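Student: here are the coordinates; sequence isn't available:
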């Protein structure tokens, strides 16, 4: 048996037998009259092989050829076993040799090779009218078309795109290049929230917007899309609640940072003038204190340059200084009326200034202006509240809250 396996004639016979069996399994029920009941072909048969690819031969760097059929049907006639073997081996080729033709229009015969002697061949079509034109190139700028631009992450947008190289060479006939309307790459922005770079295939469109099948060099370009979010810097506002304990006065409230950058859609940023909603409770602050607070995200904003803020509350111990016989100022006394102070008769009261040591020490009596308002008060005796405005960070304690006055007609 080993000797038989080493005999190449024996192996060829086995291969041919297997080819017959395979052929018959494919063509069951389609036996021509020249087949016996056993299924093996005898005599001449005819077989058509459909869609055989046509291989063109010409200088593709120099010419562009149109009119070459992509496929042909090839009909074989001859001994059945030879046809089967030819189909199985697939060593044939249908081609069109244009190497000897000049530019212009020509009727060119299709040719074949790789068909064994003993088989006749018919091609359909047998020839084709082709047009040979000189191949030229032209540089075109590359544009970017965005896909899903409205599906970027909220608050983000694409900035000016960078394309490398910014132009590509397109190859074709002069007539074809005249029809080029745009050279584009498509870039998908769905979900984009940061700058990205990608390789994109170049697509050519004619002036009506249809794709053109022309060669480009390079076929791919590098596209960098900067993804940005509109921004705006606004101050951080700190609100107060409660009051400092007695004996302590407020010097300042400062934030670090003093302002923050807000990112988001332009329409939302227009209405954001400051960061609000941060509150400091003064009730329990008796000394300089630094707090950390979360910065609330304004409505419509996407993000902030900082999520927290340091709040420094500076206070000082109160310094008290007493002032006596501070004259009361009268406001709102109607024309034709006169006023007598009944209690105190001097029209002067005691006032205690409360504030930081340096400011209180520099305070003069002239700066302290307690007053009474007689607006809408008529003739007669009245108890009128005493009012006083603070001076800077200095507050005042009144020696008495009300005074008794008499309003009379001028004599």
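Tutor: All right, it came through fine. What you are looking at is a predicted structure, and each value in this text was computed from that prediction instead of being measured.

Student: could you measure the residue nearest the centre of the chain against residue 231, distance?
Tutor: In the chain, the C-alpha nearest the mean C-alpha coordinate belongs to residue 192, at 3.8 Å (CA atoms, centre = their mean). Distance of residue 192 to residue 231, given as CB to CB, to the nearest Å: 17 Å. The way it works is simple: take the backbone N, C-alpha and C, and place the C-beta from them, glycine included.

Student: What of residue 110?
Tutor: Counting by CB to CB, the gap from residue 110 to residue 231 is 67 Å.

Student: Looking at these two, which has the bigger crowd around it?
Tutor: More neighbours surround residue 110 than the other of residue 110 and residue 231, with 20 against 17 (other CB atoms under 10 Å).

Student: surely that one meets residue 72?
Tutor: Yes - applying CB atoms under 8 Å as the test, residue 110 and residue 72 come out as touching, 6.2 Å apart.

Student: so residue 69 sits in a helix?
Tutor: No - counting by DSSP: H, G, I helix; E, B strand; the rest coil, residue 69 is not found in a helix; it is coil.

Student: ok, now which ones touch it?
Tutor: Each residue near residue 69 by CB atoms under 8 Å, 6 or more residues apart in numbering is listed here: 54, 110, 125, 128.

Student: Find the nearest non-adjacent residue to the second one, please.
Tutor: Yep, that's residue 110 we're talking about. Nearest residue to residue 110, sequence neighbours excluded (CB to CB, 6 or more residues apart in numbering): residue 123, at 5.1 Å.

Student: Surely the residue nearest to the centre of the chain is within a helix?
Tutor: No - read with three-state DSSP, residue 192 is coil and lies in no helix.

Student: circling back: overlap in contacts of residue 110 and residue 72?
Tutor: Residues touching both residue 110 and residue 72 by CB under 8 Å, 6+ apart: 54, 94, 123, 125.

Student: helices and strands of this structure: which one bottoms out on pLDDT?
Tutor: For the chain, counting by mean pLDDT, DSSP states H and E, helix 2-6 ranks last in confidence among helices and strands (a mean of 48).

Student: Let me see the ranges of the strands in the stretch 301-411 of the chain.
Tutor: 303-304, 308-317, 319-327, 329-331, 337-343, 348-355, 371-373, 380-385, 395-398, 402-409 (DSSP state E, counting those that start in this stretch).

Student: Give me the helices and strands touching the shortest one, please.
Tutor: For strand 303-304, the contact count by 3 or more CB pairs under 8 Å, 6 or more residues apart in numbering; DSSP states H and E identifies strand 259-263 as packing neighbours.
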